[in-house]
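>>> Turn this into a structure:
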Amino acid sequence: MVGGPLFTHVASEMGQVAARNAMKRGTERMDLRVVPRVTFTDPEVASVGLTEAAAKKGGRKVRTGFARLVDESDLYSIPAPAEIARFAAFARA
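Numbers count the residues shown, from 1 in each chain. So this is what the prediction gives:
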């Protein structure tokens with residue numbers, strides 16, 4: 001167990017890094033600061049990068065916002081739950 005996020009795409013990349021290191025006697029490490037995270041529920045939940053709390057804890061000023069995402073089912077007039085995205089970004093100094 002090497003720790004880090006427990007996602008299949010992370011494990012796949014870790015395997016590739018380990019293989020490259022083994023073949024080349026390297027010391028390459030995986031950058032886990034920006035890893036996409038997805039939970040396949042309905043609606044899906046996804047994120048990438050720092051959480052708002054982690055950014056604030058690190059002393060960063062953060063701005064947040066919301067946006068409604070258009071689902072392809074909206075194009076066919078089929079009722080679907082509203083897809084809402086919450087965005088967080090570093091505020092300008």
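>>> CA only for contacts and neighbour counts going forward, please
Will do.
>>> chain center to the top helix by length along the chain: distance?
Counting by DSSP state H, the longest helix found in the chain is helix 8-24. The chain centroid and the centroid of helix 8-24 are separated by 19 Å, computed with CA atoms, centre = their mean, to the nearest Å.
>>> just checking, next helix/strand downstream of that helix?
strand 37-39 (DSSP states H and E).
>>> Can you give the contact residues for that next one?
Phe7, Glu44, Val45, Ala46, Ser47, Val48 (CA atoms under 8 Å, 6 or more residues apart in numbering).
>>> residues touching the fourth one, list them.
By CA under 8 Å, 6+ apart, the contact list for Ala46 reads Pro36, Arg37, Val38, Thr39.
>>> Tell me which other helices or strands the least confident helix or strand in the chain by mean pLDDT touches.
Least confident helix or strand of the chain, by mean pLDDT, DSSP states H and E, is strand 83-90 with a mean of 75. Packing partners of strand 83-90 (3 or more CA pairs under 8 Å, 6 or more residues apart in numbering; DSSP states H and E): strand 62-69.
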